[in-house]
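Colleague: Have a look at this prediction, sequence included:
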There are 2 protein chains.
Amino acid sequence: MHRHDLALIGFGGVNRALAEIIHSRGTALADDLGFELRVVAITDLRLGSLMQADGIDLEAVFAMAEGATFAGMPGGAAVPQNDFVIRSTTADIVVEATFTNPVDGEPAVSHVRAALESGKSVTTTNKGPVALAGAELRRIAEEHGARFEHEGAVMSGTPVLRFASDMLRGTRISGVEGILNGTSNFVLGRMEAGATLAEAVAEAQALGYAEADPTADIEGSDVQLKVVILANEILGAGITTADVVRRGISAISPEDIAAAAAEGRRWKLIGSAVRTPDGGVAASVEPVALPLAHPLAGVSGATNAVSFDTDLLGTVTVSGPGAGRMETAYALLSDIIAIDAHQRAGVEAAR
Amino acid sequence: MHRHDLALIGFGGVNRALAEIIHSRGTALADDLGFELRVVAITDLRLGSLMQADGIDLEAVFAMAEGATFAGMPGGAAVPQNDFVIRSTTADIVVEATFTNPVDGEPAVSHVRAALESGKSVTTTNKGPVALAGAELRRIAEEHGARFEHEGAVMSGTPVLRFASDMLRGTRISGVEGILNGTSNFVLGRMEAGATLAEAVAEAQALGYAEADPTADIEGSDVQLKVVILANEILGAGITTADVVRRGISAISPEDIAAAAAEGRRWKLIGSAVRTPDGGVAASVEPVALPLAHPLAGVSGATNAVSFDTDLLGTVTVSGPGAGRMETAYALLSDIIAIDAHQRAGVEAAR
């Protein structure tokens, strides 16, 4: 059975969850997938860096004391040395899971670029590199015979990008629209139940859905990045965030909610990208009062969903988690499965 | 560019729609898929049979006068000769789209068996062969190096079986539940709006959703077949229709609907298959009063939906059309795409 060696860049919740899946499932996972997974490098801002070409002892890593670094381990250092590790690791797949920088995508863009330039495939759940440098990174991947996969950049492990490319092949997709932010969807639901915006946000924060600063969720900039990704990856739009009209939910009043309810409607923060008659793509993030029979109207709580409008199949909708540690780690695993399938097809074709 | 030659068994709405897609899209479809499609045989109870190894002139077929048969065309005959055509056609893929027989699956089971035994791959949208003889037909396919694909047996072209196998790989699926019959879902929606069962059924018939005899839709036997398919294909249950507890919606009264609404619930006819602690699978079709926040509660009208419960990703739901001529033809096209991908992988591997 062949094997993929992984370098985990960032060892917060998501990459740690991926390591837990690999460690706890072991051979059962390998039997299921048809290949083995081994972690050979980890870097992290707090922990430093660790490289063990014959496979890192994950149990030792999980057992590290609070505040400890990798410096005490063979192949370990107290500083992350991300670029050095990415370029010199024996891993064939680099798993990028550092924080999202919505301004320029750094340092994740540099991490992905370094990996692809050294011929390693990349999986990331980071919206930054995909939304802000997707075209450049795809080109570098092609030039170096590597893959750049990023299913988790939209709706964590719930299949969206791969659903469009693999499950709807042969149809023409004319548009996508979705509920792409769980916090704002939760907040709208609580406001429908009578809460004020401030109360609902506080509740979302208490439940761990919302950040301390909920602006990106409430004002739509998180969704804006995801709309750029959907528009570019699914509709080939070639747009940037500046092309996405954005309005958040902070202007929605209790009166707006009551008025919508009286008409059998419900407010949702909808991100959408739709082909226009002139061959372009119109993209926006804005609150829409959907009729209750709309496929997205029933998507409640922190759940996310995307509807695809197609010619042969009409509207098809996928809903599921849009966040979560294990759910996002599954996005990385699904990318690794796709990288493996692509490499195998390439190896066979080259024979 | 390589090509697949198709034999269309049954030339009612669905196979005719597939022929229309192939004819109208031509090279654009081929460019999109990476292979060409050509129809070389058609059989139909009313039209007879037609075999033209160098490709049937579909325009001539579409232009046939009402009541005409294939007898007047080269390679044509007034009788269908299904078995002869299936065994002797030069097609490499047989597209079975005759009527569903819920008792023994015939004649579709024999059609599929004959095709697979002669080494041809099969796509069908027919629930009969899949639910009633799926295990046997899969075995025959394997023995003869052919593929047996049948995405359209559940929810027409909306991806369900392939979603489970391809999009959720690496997760453990513990159960599936869905709204698998558009007519009964439409009827429940109309009853919620105040109609009686009889009025709602008449409305569904007027809209073309319900058959003249709506029993299979209303009493759950249509869903029962689909549950068998989901249980066997996704959970490996090895069950038959007799193992699926079945209750339809005819016993749901306006009072039941009002009582559910008062509790913030809504009746849905739910087909489900769930792993049990003893390693078995419990399968049922029955009306369930779902809380409105349930992922299936918002699925309205004739739309279908299936939720998958997974370990790594929680609950993921796919909703879309469950019927329709073009939508079901797309299921056949998606099967052909899967057959092609599998054959290509096999060819490469054998090099």
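Modeller: Received, thanks.
Colleague: who in the stretch 201-350 of chain A is up against chain B?
Modeller: Proximity of the stretch 201-350 of chain A to chain B (C-beta under 8 Å from any C-beta of the partner chain) is limited to residues A:292-293, A:295, A:297-301, A:303, A:312-321, A:324, A:326-327, A:329-330, A:333-334, A:337, A:345, A:348-349. Every residue, glycine included, has its C-beta placed from N, CA and C.
Colleague: so where is chain A shaky, pLDDT-wise?
Modeller: Along chain A, segments meeting pLDDT under 70 span A:347-351.
Colleague: Run a quick neighbour tally on the closest residue to chain B within it.
Modeller: For chain A and chain B, the shortest gap (C-beta to the nearest C-beta) falls at A:Gly298, measuring 1.5 Å. For A:Gly298, the count of nearby residues is 26 (other C-beta atoms under 10 Å in any protein chain shown).
Colleague: how much space between the residue at the greatest distance from the centre of chain A and A:Glu255?
Modeller: No residue in chain A sits farther from the centre than A:Ala262, which is 36.2 Å out by C-alpha atoms, centre = their mean. Distance check for A:Ala262 against A:Glu255: by C-beta to C-beta, to the nearest Å, it reads 11 Å.
Colleague: A:Leu235 too?
Modeller: A:Leu235 is 36 Å from A:Glu255, where distance means C-beta to C-beta.
Colleague: coming back round to it: in ChimeraX, select just the buried ones from the residues of the stretch 201-350 of chain A next to chain B.
Modeller: Remark: buried members of those, expressed as a ChimeraX selection using 16 or more other C-beta atoms under 10 Å in any protein chain shown:
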select /A:295,297,298,299,300,303,312,313,314,315,316,317,318,319,320,321,324,326,327,329,330,333,334,337,348
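Colleague: Narrow the residues of the stretch 201-350 of chain A next to chain B to those in helices?
Modeller: Residues of those located in helices (DSSP state H): A:326-327, A:329-330, A:333-334, A:337, A:345, A:348-349.
Colleague: As a markdown table, the residues you listed with distance to B:Gly178 would be great.
Modeller: Output for these, formatted as a markdown table (distance: C-beta to C-beta, whole Å):
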| residue | distance to B:Gly178 |
| --- | --- |
| A:Met326 | 24 |
| A:Glu327 | 21 |
| A:Ala329 | 27 |
| A:Tyr330 | 22 |
| A:Leu333 | 25 |
| A:Ser334 | 22 |
| A:Ile337 | 25 |
| A:Ala345 | 32 |
| A:Glu348 | 36 |
| A:Ala349 | 38 |
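Colleague: Ramachandran coordinates for A:Ala7?
Modeller: phi -110, psi 120 (degrees, to the nearest 10).
Colleague: Just name the closest of the ones in helices among the residues of the stretch 201-350 of chain A next to chain B to A:Pro107, please.
Modeller: Using C-beta to C-beta, A:Ala329 is the member of these that lies nearest A:Pro107, at 20.9 Å.
Colleague: so how many other residues sit close to the nearest residue to the closest one once chain neighbours are set aside?
Modeller: Leaving aside its sequence neighbours, A:Ala329 sits nearest to A:Ala17 (C-beta to C-beta, 6 or more residues apart in numbering or on different chains; 3.6 Å). Around A:Ala17 there are 21 other residues, counting by other C-beta under 10 Å.
Colleague: List the buried residues for stretch A:242-261?
Modeller: Neighbour-count burial for stretch A:242-261 [16+ other C-beta under 10 Å]: A:243-244, A:246, A:248-250, A:252, A:257, A:260.
Colleague: Identify the residue spatially nearest to the residue of chain A closest to chain B, adjacent ones excluded.
Modeller: Excluding its sequence neighbours, the residue lying closest to A:Gly298 (C-beta to C-beta, 6+ apart) is B:Gly298, at 1.5 Å.
Colleague: give me phi/psi at that neighbour?
Modeller: Dihedral angles for B:Gly298 - degrees, to the nearest 10 - are phi -90, psi 0.
Colleague: Provide a list of residues in contact with it.
Modeller: Going by C-beta atoms under 8 Å, 6 or more residues apart in numbering or on different chains, B:Gly298 touches A:292, A:295, A:297-300, B:292.
Colleague: Tabulate those in TSV, adding columns for distance to A:Ile270.
Modeller: Listed next are the contacts of B:Gly298 as TSV, based on distance: C-beta to C-beta, whole Å:
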residue	distance to A:Ile270
A:Leu292	15
A:Pro295	11
A:Ala297	10
A:Gly298	14
A:Val299	11
A:Ser300	15
B:Leu292	20
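Colleague: among the residues you listed, which two are most distant?
Modeller: Checking the contacts of B:Gly298 with C-beta to C-beta, the most distant pair is A:Pro295 and B:Leu292, at 15.2 Å.
Colleague: so what are the domain limits for chain A?
Modeller: A:3-158+A:326-350, A:161-320 (automatic domain parsing).
Colleague: coming back round to it: pick out whichever of the contacts of B:Gly298 sits closest to A:Val95.
Modeller: A:Val299 (29.3 Å).
Colleague: close enough to count as contact, that closest one and A:Ile179?
Modeller: Yes. Here A:Val299 reaches A:Ile179: they are 5.1 Å apart, a contact under C-beta atoms under 8 Å.
Colleague: burial count for the nearest residue to A:Asn185 once chain neighbours are set aside?
Modeller: Among residues not flanking A:Asn185 along the chain, A:Ile179 sits closest, at 5.2 Å (C-beta to C-beta, 6+ apart). A count of neighbours around A:Ile179, defined by other C-beta under 10 Å, yields 27.
Colleague: A:Ile179 and B:Ile179: what is the separation?
Modeller: Using C-beta to C-beta, A:Ile179 is found at 20 Å from B:Ile179.
Colleague: Which residue ranges of the stretch 51-200 of chain A form strands?
Modeller: Using DSSP state E, counting those that start in this stretch, the strands assigned to the stretch 51-200 of chain A run over residues A:76-77, A:93-96, A:121-124, A:148-149, A:173-179.
Colleague: Can I get those in TSV including distance to B:Ala60?
Modeller: Converted to TSV, the strands of the stretch 51-200 of chain A look like this (distance: least, C-beta to C-beta, whole Å):
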stretch	distance to B:Ala60
strand A:76-77	74
strand A:93-96	53
strand A:121-124	50
strand A:148-149	47
strand A:173-179	32
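Colleague: which ones are touching the closest residue to A:Arg275 other than its chain neighbours?
Modeller: Distance criterion C-beta to C-beta, 6+ apart; nearest residue to A:Arg275, sequence neighbours excluded, is A:Ser174 at 5.0 Å. Contacts for A:Ser174 (C-beta under 8 Å, 6+ apart) come out as A:274-275, A:309-311.
Colleague: Could you identify which of those residues has the most neighbours?
Modeller: A:Thr310 (21 neighbours).
Colleague: mind listing what the nearest residue to that one once chain neighbours are set aside touches?
Modeller: Nearest residue to A:Thr310, sequence neighbours excluded (C-beta to C-beta, 6+ apart): A:Thr171, at 3.9 Å. Neighbouring residues of A:Thr171 by C-beta under 8 Å, 6+ apart: A:310-313, B:330.
Colleague: Now flag whichever of these is closest to B:Val39.
Modeller: For these, the nearest to B:Val39 is B:Tyr330 (16.5 Å; C-beta to C-beta).
Colleague: just checking, the closest one touches A:Leu313?
Modeller: Yes. If you go by C-beta under 8 Å, B:Tyr330 and A:Leu313 touch, sitting 5.1 Å apart.
Colleague: Identify the contacts common to the two.
Modeller: A:171, B:157.
Colleague: Can you mark which positions in the strand or helix carrying A:Asp31 are buried?
Modeller: Per DSSP states H and E: A:Asp31 is located in helix A:13-33. For helix A:13-33, the neighbour count (16+ other C-beta under 10 Å) marks A:14-19, A:21-23, A:25, A:29, A:33 as buried.
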